[in-house]
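> I would like to see how this sequence folds:
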Amino acid sequence: MKDSDAMQRFPSLIQNVQNYIEEDPEDILDMYISSISYTLEYYGLHRLKEIYSEESKKYFEKGMRTIRENIRGQILDDLEWFDPEDNHESDKIQEILDHAEYIFKMFGMRMTTKFKNDMELTAFEGLPRKAYSPWQYDKGFEKAQDLKFKQELIDREKEEKEIENLFNQVSTEKRIDGLIDFKKKKKESNKDYFKRVLDLNVNDLKILSQLEALAFQAIKNTKETFSNGYLKKYFSDIENDDKLTSLIESINPIIIESNNRFSFGNDKLRNYLGLSYLVKMPNEKRIKFLENDYEEIFFENPGLHEEYWKIWNEINPRVFTNDFVKIYWNKFKSSLDFTNKTNLFKSIMKYSEQEISVSIDNNMKEMECIGGSIGGGILWHIFEHYSQHDIFDVPSWYFDTFRYQDDKMNDSFFILNKEHHEELKNYVLNNFDSREYFLDKSINEYVIPLSQEVDNPQVLKLFSELGMIESMSSLMEQLNIFFNKLTS
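Just a heads-up that it's a prediction; the model follows:
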């Protein structure tokens, strides 16, 4: 595992050089998040959030759900990685356990008893800490660790120097790892930036059209590099290798060569070219692709394809909203029954094929949703893109005891009649078989197929009394207003 201190100091470096670089705050946040490999590095992310307080507001509103999921996953991954019988690594385990609750608070998360148990059992090979054998030490090992720490200090200084050099390159417009060495102007949109880059590097409209087709197929087929022969299929006027070499040199760094393989010199530029091809498609062909093929491509790499959406919306907002967002929103709506609120609720559950896992702590009497298949397909990513509430996630909220204890956690549309909490818990206990939760034997886990349970009139009555049906109806109305306005 790499030294983490440089990552944590990275925000301070950004603060010192931010007036000399033209990188978008969102690009810097994306880069930092994608580089996180240790729990404490989330302190650095929070520091970046403070540095870019205004610029990053929408970014964090939209991505907070994913960030919170990643924090939980990173903590458990780190605890599983370290060896509790290793002197140095046992300190790392304690460090993570000490800091987890602080990091939770920074990102508006609640540390539950169940997650505390999850951390301990993950760290100590499925045993509570008190049941784990004492950690053993020896002087020889401690001496080796001292040498290791000294080497880490040297490596840390080297890494910090590399980061400084990286930003020196950016500020002086030098090429970084073959990427396009054109600085983005202040307040310049991605669309205008990439158009400017292409205008300076590609003089032939036919070549530009061929690049767009190549980029679209690269995205569609998730193809990162190309052979000589593959490129010739798209550049139809190229008769031999010499002409291909000459062409690649003339449009460098749009296309770059490495070890006899070719690739786009910049992923976001590739996305821009591919989406330019998509929006220029004949209407019927584009809609057919979006309806029949796009969703499968999306789920091969959802994070990557959501990055395309920002650029897509800049290139042609009408195509993005009316030919893409509207297609999936209307597809969802057409499957629903709007005759009354109960039927609407049932049809949403059926559409999402929702099944949730609920834990009940026998000691604390707390109930918590710990997973399941919330459903919604590509649509919940669209909700997140526009910072809208995920309607498929709402029913699971009723199975979290902490929502009954803290009104601040609940949104304005969310109706919660707390007096029915015990009745809901008894419904789970009395109607579903339990199994031991694999991380904590004191917790029972119950799997609830909500999409099937909504056919039970008694269950529907309970859900109605809780406020679940009314909340879903209210949120659906909000979403309908939002998307109708967006696509009008």
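
> Now do the same for I356: helix, strand or coil?
strand (DSSP: H, G, I helix; E, B strand; the rest coil).

> ok now do it, which residues does it touch?
By C-beta atoms under 8 Å, 6 or more residues apart in numbering, the residues touching I356 are C369, G371, G372, S373, I374, P395, S396, F399, V447, I448, L450. In short, each C-beta sits where N, CA and C put it, glycine included.

> Beta-bridge partners for it, please?
G372, I448 (DSSP bridges).

> so what's it scoring on pLDDT?
Looking at I356, its pLDDT stands at 87.

> Could you pull out the strands in the stretch 201-350 of the chain for me?
For the stretch 201-350 of the chain, the strands defined by DSSP state E, counting those that start in this stretch cover 255-258, 261-264.

> who wins for proximity to T113 among the ones you listed?
Closest to T113 of those is strand 261-264 (C-beta to C-beta; 48.9 Å).

> mind giving me the domain split of the chain?
Domain assignment for the chain, taken from automatic domain parsing, gives 5-171, 190-315, 341-486.

> Looking at the longest one now, give me its mean pLDDT.
Meaning domain 5-171. Mean per-residue pLDDT for domain 5-171: 73.

> Over to the second one?
Throughout domain 190-315, pLDDT has a mean value of 86.

> Likewise for stretch 422-438?
Mean per-residue pLDDT for stretch 422-438: 87.

> can I have that stretch written out in PDB, keeping just the CAs?
This file holds the C-alpha atoms of stretch 422-438, laid out as PDB (Å, rounded to 0.1, in the frame of the first residue of the first chain):
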ATOM      1  CA  GLU A 422     -42.500  -1.500  16.400                       C
ATOM      2  CA  GLU A 423     -45.300  -2.800  14.100                       C
ATOM      3  CA  LEU A 424     -43.000  -2.700  11.100                       C
ATOM      4  CA  LYS A 425     -40.300  -4.500  13.100                       C
ATOM      5  CA  ASN A 426     -42.700  -7.200  14.200                       C
ATOM      6  CA  TYR A 427     -43.900  -7.600  10.600                       C
ATOM      7  CA  VAL A 428     -40.300  -8.400   9.700                       C
ATOM      8  CA  LEU A 429     -39.800 -10.700  12.700                       C
ATOM      9  CA  ASN A 430     -43.000 -12.600  12.200                       C
ATOM     10  CA  ASN A 431     -43.100 -13.100   8.500                       C
ATOM     11  CA  PHE A 432     -39.600 -13.800   7.400                       C
ATOM     12  CA  ASP A 433     -37.000 -16.400   8.200                       C
ATOM     13  CA  SER A 434     -33.800 -15.100   9.700                       C
ATOM     14  CA  ARG A 435     -30.200 -16.000   9.100                       C
ATOM     15  CA  GLU A 436     -27.100 -15.000  11.000                       C
ATOM     16  CA  TYR A 437     -25.500 -11.900   9.600                       C
ATOM     17  CA  PHE A 438     -22.100 -13.200   8.300                       C
END
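
> Pull out the buried positions in it.
Neighbour-count burial for stretch 422-438, counted by 16 or more other C-beta atoms under 10 Å, picks out L424, K425, Y427, V428, F432, S434, Y437.

> Is the third one in contact with V459, as I believe?
It stands for Y427. Yes - contact status for Y427 versus V459: in contact at 7.2 Å, counting by C-beta atoms under 8 Å.

> Adding distance to F332 as columns, could you present the domains of the chain in CSV?
Formatted as CSV, the domains of the chain follow (distance: least, C-beta to C-beta, whole Å):
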stretch, distance to F332
domain 5-171, 19
domain 190-315, 12
domain 341-486, 6
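
> For F324, find the nearest of these.
Per C-beta to C-beta, nearest to F324 of the domains of the chain: domain 190-315, 5.6 Å.

> and L97, how many neighbours?
Applying other C-beta atoms under 10 Å, we find 17 residues neighbouring L97.

> can you pull the contacts of the nearest residue to it once chain neighbours are set aside?
In this structure, L97 finds its nearest non-sequential neighbour in M119, 6.2 Å apart by C-beta to C-beta, 6 or more residues apart in numbering. Shown in contact with M119 (C-beta under 8 Å, 6+ apart): I75, L76, L79, I96, L97, A100.

> now M119: how far from I469?
36 Å (C-beta to C-beta, to the nearest Å).

> ditto for N117
33 Å.

> For these two, indicate the residue with more neighbours.
I469 (23 against 19).

> Does the more buried one touch F463 like I think?
Yes - counting by C-beta under 8 Å, F463 is a contact partner of I469 at 5.7 Å.

> Pull up the overlap in contacts between these two.
F345.

> element containing the spatially closest residue to Y427 that is not a sequence neighbour, please.
Spatial nearest neighbour of Y427, excluding adjacent residues (C-beta to C-beta, 6+ apart): L462 at 6.1 Å. L462 belongs to helix 457-466 when elements are defined using DSSP states H and E.

> Would you mark the buried spots in the next helix or strand after that helix?
Downstream of helix 457-466, the next assigned helix or strand under DSSP H and E is helix 468-486. Neighbour counts over helix 468-486 (16+ other C-beta under 10 Å) mark M468, I469, E470, S471, M472, S473, S474, L475, M476, L479, F483, L486 as buried.
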